[in-house]
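Structure of the sequence below:
(chains A and B)
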Amino acid sequence: MHLSIVTPERIVFSDEIEYVTLPTEEGEITVLEDHVPLVGILKPGELIISRLSETIPLAVSGGVVQVRQRVITILADTAERVEEIIEERAEEARKRAEEILAETNFDAIEYATLSAKMEKELARLRVARKWRKGSNVGYRGTLE
Amino acid sequence: MPSTLTLRRQIRSVRNTKKITKAMELVSGAKMRKAVAAALATRSYARCAWDLLAHLSSRADRALHPLLAVRPIRRSAVVILSSNRGLCGSFNTHLALKGIEAIRRAREQGARDVDIITFGKRARDTVARHGYVINADFVKADITNSITDISGIIHMITRGYSDGSLDRVDIVSSTFVSSVKQDIEAWQLLPLNASLGTARGGITQQKAEDRDAGKADYSQFVFEPSEQHVLGHIIPRLLETQIFQSVLETEASEHSARMMAMHNATEAASDMVGELELSFNRIRQSAITQEIAELSAGRAALEV
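Here you go, the predicted structure:
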């Protein structure tokens, strides 16, 4: 089964996989071989790719997933591997968004943008903390 | 025969022009690299998005979303992208002429009204000079960084199409192929049409087998949470991506066209300096020869 994850900046992942777990608006789903054709909306959260002896966790911040017979295409707004997330910076970004959100008055659009940003930063943090080296006992995959 | 003084002046002026064009070549080279990197980075995303759009529009029930509707064409819109500045060879002229061609074609195909929307000063001016009335002109920044820079156009197109005041939208843009080749073309954005994917050449390069495999099972596509919700969420965003990508591609093309134009100008200036120097030397030499001839003639007269 082929999975490609594409963001506006780059192709994050494109390779053969066994299965993938995605955060959709309806909840978390896992797509295995021969899944029915599907189009769904992703929400910010954790995406886990599994192949052979390897598990690759990523933080995504919303997008679209399309499953076709043996091809999964994910158009994500952003997608980062855990190694790429710098926890302190993510925490900082979350705090900043939170502060701005608390302090000022906005119109609806600004508010929506900011709370979307908050949600995204929270997802990044959650994923980074969960998969950080050493913090997950019994984890068998490699994090490179 | 011109005097050596006028020739020397001409040479100096051509040399100065050459310095300017050389500098402009370097500047647009730097800008081109940036613009090309931006266009290439989002290209695969845009291709996947277009692919998905083409598939969705061919399988989904067109009544489910206003942007999927197909109506008889009464009123059509042509969006012409171009640059703000000139000195890039025939780039903007080609865009404007393609635009005019698209407007004519839309009229021939039965559109009673054709809205002309321009983005970029150059094509706007050219199209207006040809006597067309421009319905909307959006101010283009020299560098488009984010999708919010073009939200005006997006809004106008999607709203117009959704409320039924536009039945077809064409975009005239340039696709960056290489620094010496740009494809200027008019393509149909709305109504969405699956066959357009292949018609648009560079944008979708889907394997034939993949497409055939898709045909069989798309009718039972599962949409999560609901078809309407998914389409409502993704169609506007995928369209935005397409417009944004064509703006980026046009910018990359603009800078490479300018770099090529300036490169040619620098070379032409070098050739010109060479020619002028040759005739300058010829005139100088003939003056010297003449002087010597006169001198020796004078001396010969004295000696006799």
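
Spell out which residues sit in contact with residue 114, please.
Using chain A here. By C-beta atoms under 8 Å, 6 or more residues apart in numbering or on different chains, residue A:114 lies in contact with A:97, A:100, A:101, A:106. Quick note: C-beta positions are derived from backbone N, CA and C, even for glycine.

right idea, wrong chain: chain B
B:75, B:76, B:77, B:78, B:103, B:106, B:107.

Helices - which of those residues land there?
If you go by DSSP state H, the contacts of residue B:114 have B:103, B:106, B:107 in helices.

what comes up buried for the helix or strand hosting residue A:123?
In the assignment (DSSP states H and E), residue A:123 maps to helix A:108-131. Going by neighbour count (16 or more other C-beta atoms under 10 Å in any protein chain shown), the buried part of helix A:108-131 is A:114, A:117-125, A:127-128, A:131.

One more: stretch A:30-42?
Neighbour-count burial for stretch A:30-42 [16+ other C-beta under 10 Å]: A:31, A:35, A:37, A:38, A:39, A:40, A:41, A:42.

check whether it contacts chain B.
Yes. Using C-beta under 8 Å from any C-beta of the partner chain, stretch A:30-42 reaches chain B at A:36, A:37, A:38, A:39, A:40, A:41.

where does the first one fall, phi/psi-wise?
Which is residue A:36. phi -60, psi 150 (degrees, to the nearest 10).

Find the nearest non-adjacent residue to it, please.
residue B:222 (5.3 Å; C-beta to C-beta, 6 or more residues apart in numbering or on different chains).

one step back: possible to save the buried residues of helix A:108-131 as TSV with distance to residue B:296 and pLDDT?
Output for these, formatted as TSV (distance: C-beta to C-beta, whole Å; pLDDT from 0 to 100):
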residue	distance to residue B:296	pLDDT
A:114	93	80
A:117	91	80
A:118	96	80
A:119	97	81
A:120	92	81
A:121	93	80
A:122	98	81
A:123	96	82
A:124	92	81
A:125	96	80
A:127	96	81
A:128	94	79
A:131	97	75
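
Output these as a markdown table; include the columns distance to residue B:68.
Converted to a markdown table, those look like this (distance: C-beta to C-beta, whole Å):
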| residue | distance to residue B:68 |
| --- | --- |
| A:114 | 31 |
| A:117 | 30 |
| A:118 | 33 |
| A:119 | 29 |
| A:120 | 29 |
| A:121 | 34 |
| A:122 | 34 |
| A:123 | 31 |
| A:124 | 34 |
| A:125 | 38 |
| A:127 | 35 |
| A:128 | 39 |
| A:131 | 40 |
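
coming back round to it: let's see which of the buried residues of stretch A:30-42 end up in strands.
A:31, A:38, A:39, A:40, A:41, A:42 (DSSP state E).

correct me, but the fourth one touches residue B:224?
This means residue A:40. Yes. Counting by C-beta atoms under 8 Å, residue B:224 is a contact partner of residue A:40 at 4.0 Å.
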